[in-house]
Each structure stands twice: as C-alpha cells, then as structure tokens.
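Novice: this one's structure only:
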C-alpha cells in the first residue's frame, strides 16, 4: 500500500486527560509490540492503512468513527513514541495546525541525529501535503499533517482535511516504499461522495497543466502505486449491528468468557485476568497481530475500551489499566528472553480466529451493548460527561446469553 484515505464525520471536543494518558500508554505498548514482533517497516505499513488506523483509534477508546481519532491518536503517539525514538527507531513529526508547520524543522533535527537525508524527507513531507491539498482539489482543506519516519529512512504520512460544506473530514495515508512519483497518478483511485467538478492535476490527461506547476517537482514522472484502501465511515455516532462483523465480535466474546476455548498453557500464563479484561486483550492482540482483512469493521474494536462519548459504552478505566499492565509486562519479559506471556497474548487472536470458523451469531447485539453499559460502573466506566453509575436492577439481568 502507498496511498489511501478515510472519510469521517467532523467531530469537535477535547479528549479528557484521564483518557489521553491511557491512550499514550496503550499506544506505545502496541507500537513496541508491533516493532518487536514484525519490525519498523511493518509498523509504518500499518500506519498507512486507514482501516488499521481506525481500529487502533477505536481500541484506544476514541469515538469509533469520528475525525477526532486522527488528531488524538497521532498526538498521543507523538508524545509517547518520541520519548523512546532512539530505542524504537521511529520518530513522529508534525501534527495539527501550527504543529504541522514545524514538520520541516523536526525532520532536519532527526536527520542530524540519524544521518538521514533531511532535505529529501522535508521534500517528501511538503509534496505529500501539496498533492492532497493543491493537486487534488476535492473540497478538503488540509489542517493536520503528521510525518512518521524510521531511522532507516522509510516513512508514512497521515494527514487530514476538512470540508465544512458537507460536515466531513478526509484522512489521507501515504507509505514511501510504493511511491515512484508524486505528480503523475500517485493514486490508483480516489473515492468519495460526488460533489461536482473536482480538479485533479495528477491525472495523466492533465500533463499540460501539471507541467506549469513547476514548484511541485521536476522529477521525471513514472508509475505506479500498488493499491489503495478506502474507508467511508457513517455519520451516525452510535454503534449499530450493521457496522460490525458479528461473527468476529461473537468469537472474541466467546474466547473471553469461555476459558475452555484457550489452551492450558495460555490459561496459566494469563491466570488472574478476568473475562472483561480478556475481551480487551483479544482485540488488542488482533490490532498487533491481525492481517489487513481483519480491520474492515473498525467499530468492532470499540468493544475493547468503549468510547469517550459513551458509544458503544463508557470507557472501563479499570479494564483499560489492567490491559496496559498485562501488555507492558509481556513486553518487558520478552525483552529479557522470556517470551511465553507475549505468546499467550498472541494466541488470544489465534483462538478467536479458530472459534470464528464455526461461530453462528445470535440477535442479541443491542442487549450486549445494554449489558456493557449497565456493568460499566463496576469497571470504572467514564465518559466526557462523568462517571458511570449503577443502573436500577432488573429481574432478568443475568438470564441473557450474549454470544
């Protein structure tokens, strides 16, 4: 993959400190786990996939479909990853508004520290922004630009534009290995709602116009990118059954709540971890170890830690903290040569895949969300509106099978 995008409803508001801190902690743990298991190039490839990025945001407790995921996830990752850039070999530059304008200076400092070609990195940063903001005039004005680069020179760009006219934001993803030209057909396709005439000077037929835009580049244009992935998120805020692969969600719940589905070794290594935390860890395991096809329903990952606005349910802070602690310990032990706990977390994802093959979902999705909301107070449930409170008891609260 080289370039892709996601269309998201515009969503305003601040991420509360209690969530932002946890996003940074789990975000760096997931980043480290991916790099440790698969390498820096694999992490950059994931960042360039709009489906994986949206799933990451959902598992971190952000609203599963909104534009706010981009700013918040990149901000949280920049804060935590850059503290350990020398160790991880990954640097994050730029951000929203004035922070985006600092990208060139940040890249030059990184180049000084790593020996990379700083001018080439700055050029790539500016050109990716020019293409999405000027060469492709699709109605979205870029306001966020994040540049993620490894100490080996490979990079990914995540940037976002706003369209006040239709109330949507569009996030653009780039990945350096597949880019051969910035100016002629750098997109295998561009997808979005028809908004009338669109200027695209990267089209092959626009060569006369393009040749006049000499400030973009003087390189000899060649083709092509490998593929593009497009994500169109719905406008509705609540999570509906149609937004989720219920077969996959059901298998996650089954593994979390029916421990006999796990092998004995995994049970011993995860001893003391309750069913609700296992549910989160299965989804975290999939974000770390899953293949691209596993992220086509990002809303499913909101069933790890809910959402700050209460959709599909309040953020269970106690569960969140325990998931961070378990993952951190697994990474710490793996660094010392004891990889057993790390493998146990990896097996959660594999177990869910096995169960999924024969799993038949029921029709209790709405009841599942109601149960999560009703029990949220037990797990320190919080939203931007306050802490979750116990519901009024019902006679049949414990009579319903949810998976």
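Specialist: Arrived safely, thanks for sending. Everything quoted here is computed from the prediction, not taken from an experiment. Numbering: from 1, shown residues only.

Novice: show me the strands in the stretch 51-200 of the chain, by range?
Specialist: With DSSP state E, counting those that start in this stretch as the definition, the stretch 51-200 of the chain shows strands at residue ranges 90-96, 136-137, 141-150, 155-163, 168-175, 199-200.

Novice: report the beta-bridge partners for the closest residue to residue 67 other than its chain neighbours.
Specialist: The spatial neighbour of residue 67 that comes closest, neighbours along the chain excluded (CB to CB, 6 or more residues apart in numbering), is residue 169 at 3.6 Å. In this view, the C-beta of every residue, glycine as well, is placed from N, C-alpha and C. Under the criterion DSSP bridges, residue 169 forms beta bridges with residue 8, residue 162.

Novice: need the contact list for residue 169.
Specialist: Residues touching residue 169, when contacts are defined by CB atoms under 8 Å, 6 or more residues apart in numbering, comprise 7-10, 67, 70, 140, 160-163.

Novice: show me what counts as buried in stretch 43-63.
Specialist: Of all the residues in stretch 43-63, those buried under the rule 16 or more other CB atoms under 10 Å are 43-63.

Novice: who's in contact with the helix or strand that contains residue 342?
Specialist: Using DSSP states H and E, residue 342 falls within helix 340-356. When contacts are taken as CB under 8 Å, 6+ apart, the neighbours of helix 340-356 outside the stretch itself are 33, 37, 247-248, 250-252, 254-255, 261-263, 265-266, 269-270, 278, 281-282, 284-286, 288-290, 326-327, 329-331, 333-334.

Novice: take those and keep only those in helices.
Specialist: Using DSSP state H, the subset of the contacts of helix 340-356 located in helices is 33, 37, 247-248, 250-252, 254-255, 265-266, 269, 278, 281-282, 284-286, 288-289, 326-327, 329-331, 333-334.

Novice: residue boundaries of the helices in the stretch 101-250 of the chain?
Specialist: Per DSSP state H, counting those that start in this stretch, the stretch 101-250 of the chain carries helices over the ranges 103-114, 118-130, 207-212, 246-257.

Novice: rewinding a little: of the ones in helices among the contacts of helix 340-356, keep whichever come out buried.
Specialist: Burial of those was assessed by neighbour count (16+ other CB under 10 Å); the buried members are 33, 37, 248, 250-252, 254-255, 266, 269, 278, 281-282, 284-286, 288-289, 326-327, 330-331, 334.

Novice: which residues sit in contact with the residue nearest to the spatial centre of the chain?
Specialist: Ranked by distance to the mean C-alpha position of the chain (CA atoms, centre = their mean), the top residue is residue 53 at 2.3 Å. Shown in contact with residue 53 (CB under 8 Å, 6+ apart): 6, 46-47, 69-70, 73, 158, 171, 173.

Novice: JSON lines for those residues, including pLDDT and distance to residue 132?
Specialist: As requested, those are arranged in JSON lines below (pLDDT from 0 to 100; distance: CB to CB, whole Å):
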{"residue": "6", "pLDDT": "85", "distance to residue 132": "13"}
{"residue": "46", "pLDDT": "95", "distance to residue 132": "20"}
{"residue": "47", "pLDDT": "95", "distance to residue 132": "16"}
{"residue": "69", "pLDDT": "91", "distance to residue 132": "18"}
{"residue": "70", "pLDDT": "93", "distance to residue 132": "13"}
{"residue": "73", "pLDDT": "96", "distance to residue 132": "19"}
{"residue": "158", "pLDDT": "94", "distance to residue 132": "11"}
{"residue": "171", "pLDDT": "91", "distance to residue 132": "10"}
{"residue": "173", "pLDDT": "92", "distance to residue 132": "10"}
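
Novice: in ChimeraX, how would I select the buried members of the contacts of residue 169?
Specialist: Here is the ChimeraX command that picks out the buried ones among these, judged by 16+ other CB under 10 Å:
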select :7,8,9,67,70,140,160,161,162,163
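
Novice: tell me which of the contacts of residue 169 is nearest to residue 238?
Specialist: Of all the contacts of residue 169, residue 9 has the smallest distance to residue 238: 12.3 Å, by CB to CB.

Novice: from residue 163, how far out is the closest one?
Specialist: When CB to CB, to the nearest Å is the yardstick, residue 9 and residue 163 sit 11 Å from each other.

Novice: residue 249 touches residue 301, doesn't it?
Specialist: No: taking CB atoms under 8 Å as the contact criterion, residue 249 and residue 301 are not neighbours in contact, 9.7 Å apart.

Novice: out of these two, which sits in the more crowded spot?
Specialist: In terms of neighbours (other CB atoms under 10 Å), residue 301 is the more surrounded of residue 249 and residue 301; the figures are 29 against 25.

Novice: just give the nearest non-adjacent residue to that one, would you?
Specialist: The spatial neighbour of residue 301 that comes closest, neighbours along the chain excluded (CB to CB, 6+ apart), is residue 58 at 3.9 Å.

Novice: nice, that's everything, thank you.
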